[in-house]
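Student: Take this sequence and fold it.
(one chain, ligands or ions: 1)
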Amino acid sequence: MTVTLRSVPRAPGRIPLLGHVLPLARRPFGFLEGLGDTGGFVRVDLGTSPVYFVTTPELINEVLVAKSRDFDKGRLFDRARAFIGNGLTTSSGEVHRRNRRLMQPVFHHERIAGYADIMGKFAVEMIEPWQPGSVLALDQEIYQYTLNTATETLFATELDPGAAEEVRRYVPVLIKEALTQTALPEAFTRMPFPANRRFDKAVVKVRAAVQQLIALARTRDPEEQVDLLSTFVLLRDAETGDGLTDEELGDEIVTFIIGGTETTASTLAWTFHELARHPEVEARVVEEIDAVVGDGPIGIPEIGKLEYLNRVVDEVSRLHSFLLLMRRARQDVVIGDVELPVGTEIAFSPYAMHRDARVYDDPARFDPDRWLPDNKAGRSRADYIPFGAGPRKCIGEGYARMQMSIVLATVLSRWQLRPVESPTPVRDVVAVVPRPNHLPMVAEPRVR
Ligand code: HEM
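Tutor: As a prediction, this is how the structure comes out:
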């Protein structure tokens, strides 16, 4: 027996014409976390347009995995396409399938392992200027680190330092404004406000610099495939022999920089925050790093052995996940027992699902041992989606995990980070992966 969308309950707090915009703007986290109390399917009105939230792991899994072919990415991503182009995150159908097939091998374990040195080098550079007792804006340090690593692994920046510098300068503007530009009405983003002008300028600057770097990569000797871009330039479709055009490459590069920096930076910043709040967990992490890495460099063999550290990252990723993802029905489809006509906009919040007491016992408790093999044995894969699931699962998961392990091991083997007392407590701020509002920490040399 199926039912129509008319029988889906509405979230509380709707106001005529505005819909649920006010509760979403005023208390986004509480609003999203509360949706599951209304039901598995919940209608939320953005102005007068309805979006249907699915709140249970089973329904989300149907959308992402079992019936993934019946959906494309939906409204948020239509708007993002205007500035990040039609790369992996925004494209759909055959274009997405072909480009994902082409690029997937570049992100295989053995290939990205070649970037461990760059990740380690920048981690050492980040901590070099730290002094005992220095107060660090750790969130900023980490963000700059992920941006430096992303540009270096993508472009081998010494080949065109000017263009690389333009990217490093303007990408933060793109990232800062991207969510507003995507969420606000289109007419608003065309108005001549300073923020809109800053954003438009950043788009033009980043695009121009990336095209310059692509032109350079096309002239390089195939033997010198040192960065990701020169690898992408050589990709050829096995059936047609075609590669990616300059425009496609530009879209993918901008997608990787935007998708790969802020997400990783937020997860890393929260990891340092959680470790400082849980000294017993931190002590186990440090003990493991000492045993596995010692004073030596950290490479792929060591990362695999940092089992407890990996569980810590799993637990941080559960508690600090993507706030919102969307899909849109490409054709009529049934999810659960609800008939969705073509064009229905679907949304879900990994952040809220991972904090739902119907899915996790005592969900607010930070407990890396949830992820011990015995403890997670009965758990469905659908319960845990920090990197998404199905054919649109994060292509950069291995890259991000390797980078996070390298930074954590490099920093924690030398420094102990303590929170600074502040009248403003550390809290979540809305972002793709919600980030800390600030993260002041004091660095003390680690005593062994
Ligand atoms: C901790 C860091 C990261 C997190 C939590 C994360 C999370 C995610 C999630 C949840 C998705 C699925 C989106 C959806 O279903 O609509 C996704 C997709 C994607 N991610 Fe990540 N990501 C991270 C790091 C990275 C990095 C480092 C890169 C690039 C090197 C990257 C590139 C991408 C791309 C291109 C997609 C789109 C894949 C597709 O649709 O085929 N991500 N990511």
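
Student: C-alpha from now on. contacts and neighbour counts both.
Tutor: Noted.

Student: Just the pLDDT at the one residue in the stretch 101-250 of the chain that gets nearest to the ligand, thanks.
Tutor: At 7.5 Å from the ligand, Ala150 is the closest residue in the stretch 101-250 of the chain, using C-alpha to the nearest ligand atom. Looking at Ala150, its pLDDT reads 93.

Student: do the same with Leu46
Tutor: 87.

Student: Would you mind naming what in the stretch 1-150 of the chain lies close to the ligand?
Tutor: Contacts of the stretch 1-150 of the chain with the ligand, taken as C-alpha under 6 Å from any ligand atom, map to 88-89, 100.

Student: I'd like the list of those residues that fall within helices, please.
Tutor: Mapping those onto helices (DSSP state H) picks out Arg100.

Student: Which of the residues of the stretch 1-150 of the chain next to the ligand sits closest to Gly299?
Tutor: Closest to Gly299 out of those is Arg100 (27.2 Å), distances taken as C-alpha to C-alpha.

Student: Flag every residue of the stretch 151-300 of the chain that's near the ligand.
Tutor: Counting by C-alpha under 6 Å from any ligand atom, the stretch 151-300 of the chain sits next to the ligand at 255-256, 259-260, 263-264, 267.

Student: Let me have the residues you listed in CSV, extended by distance to Arg370, secondary structure and neighbour count.
Tutor: Formatted as CSV, those follow (distance: C-alpha to C-alpha, whole Å; DSSP: H, G, I helix; E, B strand; the rest coil; neighbours: other C-alpha atoms under 10 Å):
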residue, distance to Arg370, secondary structure, neighbour count
Thr255, 33, helix, 20
Phe256, 31, helix, 19
Gly259, 28, helix, 16
Gly260, 26, helix, 20
Thr263, 23, helix, 21
Thr264, 22, helix, 23
Thr267, 18, helix, 25
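
Student: residues near the residue of the stretch 101-250 of the chain closest to the ligand, how many?
Tutor: By the measure other C-alpha atoms under 10 Å, the count of residues near Ala150 is 20.

Student: what's in contact with stretch 34-52?
Tutor: With C-alpha atoms under 8 Å, 6 or more residues apart in numbering as the test, stretch 34-52 has contacts from 8-11, 14, 17-21, 53-56, 59, 344-347, 356.

Student: Next: stretch 301-314.
Tutor: Residues outside stretch 301-314 that contact it (C-alpha under 8 Å, 6+ apart) are 271, 284-285, 288-289, 292-293, 367-369, 371-372, 402, 405-406.

Student: just stretch 271-291 next, same as before
Tutor: So stretch 271-291 is in contact with 306, 308-309, 312-313, 316, 366, 409, 412-413, 417-419, 439, going by C-alpha under 8 Å, 6+ apart.

Student: which parts of that stretch are buried?
Tutor: For stretch 271-291, a neighbour-count test (16 or more other C-alpha atoms under 10 Å) marks 271-276, 281-282, 285-286, 288-290 as buried.

Student: can you pull the alpha-carbon coordinates of the helix or strand of the chain with the lowest mean pLDDT into CSV?
Tutor: Sorting the helices and strands of the chain by mean pLDDT, DSSP states H and E puts helix 186-189 at the bottom, at a mean of 78. The C-alpha coordinates for helix 186-189 follow below in CSV (Å, rounded to 0.1, in the frame of the first residue of the first chain):
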residue,chain,number,x,y,z
GLU,A,186,18.6,34.0,-6.9
ALA,A,187,17.3,37.6,-7.4
PHE,A,188,19.1,38.6,-4.2
THR,A,189,22.5,37.2,-5.4
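
Student: How far does that helix sit from its chain's centre?
Tutor: Offset of helix 186-189 from its chain centre (C-alpha atoms, centre = their mean, to the nearest Å): 25 Å.

Student: hmm, back to that, make a ChimeraX selection of the buried ones in the contacts of stretch 34-52.
Tutor: A single ChimeraX command is used to select the members of the contacts of stretch 34-52 judged buried by 16+ other C-alpha under 10 Å:
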select :8,10,11,14,19,20,21,53,54,55,56,59,344,345,346,347,356
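
Student: ok, Asp251 - contacts?
Tutor: Asp251 makes contact with 84-87, according to C-alpha under 8 Å, 6+ apart.

Student: all strands in the stretch 51-200 of the chain, in order from the N-terminus.
Tutor: Per DSSP state E, counting those that start in this stretch, the stretch 51-200 of the chain carries strands over the ranges 71-72, 135-137.

Student: Who are the packing partners of the shortest one?
Tutor: Contacting strand 71-72 under the criterion 3 or more C-alpha pairs under 8 Å, 6 or more residues apart in numbering; DSSP states H and E are the following elements: strand 325-329.

Student: sec struct for the closest residue to Arg10 other than its chain neighbours, please.
Tutor: Leaving aside its sequence neighbours, Arg10 sits nearest to Arg43 (C-alpha to C-alpha, 6 or more residues apart in numbering; 4.5 Å). Recorded secondary structure, Arg43: strand (DSSP: H, G, I helix; E, B strand; the rest coil).

Student: State the distance from Arg43 to the ligand.
Tutor: 20 Å (C-alpha to the nearest ligand atom, to the nearest Å).

Student: For that residue, list each beta-bridge partner.
Tutor: Beta-bridge partners of Arg43, counted by DSSP bridges, are Arg10, Tyr52.

Student: Could I get the full set of helices for the stretch 251-400 of the chain?
Tutor: Remark: helices assigned in the stretch 251-400 of the chain by DSSP state H, counting those that start in this stretch are 279-292, 300-305, 307-319, 350-354, 373-376, 397-412.

Student: out of these, deepest packed?
Tutor: Sort the helices of the stretch 251-400 of the chain by mean neighbour count, taking mean count of other C-alpha atoms under 10 Å, and helix 350-354 sits at the top with a mean of 27.

Student: Now do that helix: everything it contacts.
Tutor: 29, 32-33, 55-57, 318-325, 359-360, 363, 383-386.

Student: Derive a ChimeraX selection command for the buried subset of the residues you listed.
Tutor: Entered in ChimeraX, the line below selects the buried ones among the contacts of helix 350-354, by 16+ other C-alpha under 10 Å:
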select :29,32,33,55,56,57,318,319,320,321,322,323,324,325,359,363,383,384,385,386
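
Student: Residue numbers of the stretch 301-448 of the chain in contact with the ligand?
Tutor: 322, 325, 386-388, 392-397, 399-400.

Student: among those, which two are most distant?
Tutor: It's Leu325 and Tyr399 that sit farthest apart of those, by C-alpha to C-alpha, at 21.2 Å.

Student: Pull the contacting residues for the closest residue to the ligand within the stretch 51-200 of the chain.
Tutor: Of all residues in the stretch 51-200 of the chain, the one sitting closest to the ligand is Thr89 (3.9 Å; C-alpha to the nearest ligand atom). Thr89 is in contact with 77, 255, 392, counting by C-alpha under 8 Å, 6+ apart.
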